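*Asks:* Please find the sequence and the predicted model below.
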Amino acid sequence: MDTLVTFIMGLPCPVGVLTPVSTFLSSKKIITSPNLLMQMHSIVYVAIAYHIVFLVSQWILFPPLVRLRFACEKPENDKKPETKVDDEIKQADLVNQSAVHFVSLVQSLVILYLSLSYLSGHGRSTHPTPESRVFSQSPKTDVVCVFAVGYFVWDALISVMYSSFPFVLHGVVSMVMFSIGLQPYIQYYAPAFLLFELSNPFLNFRWFGIKYLPQVSDRNHSFVARVCNALQLANNVILMLVFLLARIVWGWLKIGELCYDFFQVRNDPRFRPLETAVIVAGNLTLDVLNVVWFSTMLGVAKRIVSKRGRVQDKPVTEAH
């Protein structure tokens with residue numbers, strides 16, 4: 001992982017392409033931070049790297065898996081011509097969504113590795129003052145922010161093609177928030193807030209389990225389906241526990257600490273009122289949404305219990 005990160009961060013800036021862009025953004029005062037301008041090419045490389053993962057998933061990894069899954073769901077000789085056309089559309093959609101979820105899974109593992117590597121050696125003991133936590137900068141936190149911004153640039157663009165407006169908005173807002181970290185501003189907190197991603201692998205495991213694993217239903221009580229159902233139930237329990245601890249307990253704790261640090265440095269000439277407002281508003285909104293999403297998860301858990309522990313009753317061709 002370190003070798004790959006070092007390779008991407010060490011790629012040179014294509015002077016003939018990005019330098020004029022950086023000059024334009026700087027001259028128009030669209031981006032005034034020298035550090036952010038200096039890291040723009042690395043952000044682009046990270047976004048390209050994630051898109052390569054997406055293309056490999058879309059064209060090589062998932063097409064045969066999706067065809068196999070649909071074939072198991074309904075044999076080819078049982079299908080009418082119009083059903084086959086409809087299935088082709090659904091297969092293409094499942095391939096695209098699978099590739100998006102796979103990139104999300106890869107991204108969460110990468111950013112968690114970077115964040116946990118930093119947090120294992122840094123904390124309040126290395127940043128004892130609010131000034132050090134709000135205004136400090138380090139190469140490691142630069143890398144964390146670059147990989148976060150690069151992913152959210154890709155996420156916003158790919159969501160335009162394959163998702164809905166709320167996902168596009170989420171990508172744009174997240175990109176802006178972590179771009180603020182590259183100014184630099186509250187870089188110390190970037191790895192801490194990215195621990196939200198601890199729930200992401202389990203969320204993606206749940207999605208892939210529903211789409212690809214045999215499901216217990218009135219027509220299917222096989223041993224394999226029951227084992228897969230048990231594994232998915234265990235994953236759902238872990239997901240809810242990690243979501244509660246990482247996104248709600250940890251999230252509200254960290255936004256409280258950050259707001260108190262902002263209050264303590266409010267008279268420092270380096271204090272940025274606009275960026276502070278964006279960070280606080282964005283994180284508070286996300287923290288409230290996390291509570292809403294967790295309540296939704298509790299509702300799903302209740303429905304699963306009422307269905308005698310069945311994770312999903314619908315076949316893959318109907319499940320969304």
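*Replies:* Arrived safely.
*Asks:* Now do the least confident helix or strand in the chain by mean pLDDT: which elements does it pack against?
*Replies:* For the chain, the helix or strand with the lowest mean confidence is helix 15-27, at a mean of 78 (criterion: mean pLDDT, DSSP states H and E). When contacts are defined as 3 or more CB pairs under 8 Å, 6 or more residues apart in numbering; DSSP states H and E, helix 15-27 sits against helix 34-38, helix 40-56. Yep, even glycine has a C-beta here, placed from its N, CA and C like the rest.
*Asks:* If you average pLDDT over each of those helices, which is lowest?
*Replies:* Ranked by mean pLDDT, those bottom out at helix 34-38, which scores a mean of 88.
*Asks:* From Phe193, how far off is Arg247?
*Replies:* Distance of Arg247 to Phe193, computed by CB to CB, to the nearest Å: 10 Å.
*Asks:* for Val21, same thing?
*Replies:* Shown here: Val21 relative to Phe193, a distance of 28 Å by CB to CB.
*Asks:* Who has more neighbours out of the two?
*Replies:* Phe193 (23 against 14; other CB atoms under 10 Å).
*Asks:* what residues does the helix or strand harbouring the more buried one touch?
*Replies:* Using DSSP states H and E, Phe193 falls within helix 189-193. With CB atoms under 8 Å, 6 or more residues apart in numbering as the test, helix 189-193 has contacts from 114-116, 118-119, 133, 141, 144-145, 148, 178, 181, 250-251, 254, 258, 283.
*Asks:* Give the rounded mean pLDDT of it.
*Replies:* Averaging pLDDT along helix 189-193 yields 94.
*Asks:* What angle do helix 40-56 and the biggest helix by length in the chain make with each other?
*Replies:* Scanning the chain for the longest helix, with DSSP state H as the assignment, gives helix 81-119. On the basis of axes from the mean of the first three to the mean of the last three CA atoms, to 10 degrees, helix 81-119 is oriented at 140 degrees to helix 40-56.
*Asks:* Only C-alpha atoms, please: export whichever helix or strand comes after helix 81-119 in CSV.
*Replies:* Using DSSP H and E, the helix or strand that follows helix 81-119 in sequence is helix 130-135. Output of helix 130-135 as CSV, limited to C-alpha atoms (Å, rounded to 0.1, in the frame of the first residue of the first chain):
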residue,chain,number,x,y,z
PRO,A,130,-5.9,24.1,19.7
GLU,A,131,-3.6,26.1,17.4
SER,A,132,-1.6,22.9,16.5
ARG,A,133,-4.8,21.0,15.9
VAL,A,134,-6.4,23.7,13.7
PHE,A,135,-3.4,25.2,11.8
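*Asks:* Give me the contact list for helix 130-135.
*Replies:* For helix 130-135, with CB under 8 Å, 6+ apart as the criterion, the contacting residues are 127, 184-186, 188-189, 260-262, 264-265, 268, 270-271.
*Asks:* Could I get the contacting residues of the residue positioned nearest the centre of the chain?
*Replies:* Closest residue to the average C-alpha location of the chain: Ser104 at 5.2 Å, with CA atoms, centre = their mean. Going by CB under 8 Å, 6+ apart, Ser104 touches 155, 200, 204.
*Asks:* mind running it again at 6 Å?
*Replies:* By CB atoms under 6 Å, 6 or more residues apart in numbering, the contact list for Ser104 reads Asn204.
*Asks:* Out of the helices and strands packed on helix 15-27, flag the one nearest Glu275.
*Replies:* Between Glu275 and the helices and strands packed on helix 15-27, the shortest gap by CB to CB is with helix 34-38, which sits at 11.7 Å.
*Asks:* Can you point out the buried residues in the closest one?
*Replies:* Residues 36-37 are the ones in helix 34-38 that count as buried (16 or more other CB atoms under 10 Å).
*Asks:* Repeat that for stretch 289-309.
*Replies:* 290, 293-294, 297, 304.
*Asks:* Nearest to Phe7 among the residues you listed?
*Replies:* Set against Phe7, the nearest of the buried residues of stretch 289-309 by CB to CB is Asn290 (34.2 Å).
*Asks:* how many neighbours does the closest residue to that closest one other than its chain neighbours have?
*Replies:* Leaving aside its sequence neighbours, Asn290 sits nearest to Arg247 (CB to CB, 6 or more residues apart in numbering; 4.3 Å). By other CB under 10 Å, the residues close to Arg247 number 23.
*Asks:* so how far is Phe294 from Arg247?
*Replies:* From Arg247 to Phe294 the distance is 8 Å (CB to CB).
*Asks:* about what we covered before: ok, residues contacting the least confident helix or strand of the chain?
*Replies:* Residues outside helix 15-27 that contact it (CB under 6 Å, 6+ apart): 31, 37, 40-41.
*Asks:* can you rerun that using 7 Å?
*Replies:* 13, 31-32, 37, 40-41, 44 (CB atoms under 7 Å, 6 or more residues apart in numbering).
*Asks:* what do you get for stretch 41-53?
*Replies:* Contacts of stretch 41-53 (CB under 7 Å, 6+ apart): 8-9, 11, 13-14, 18, 103, 106-107, 146-147, 149-151, 153-154.
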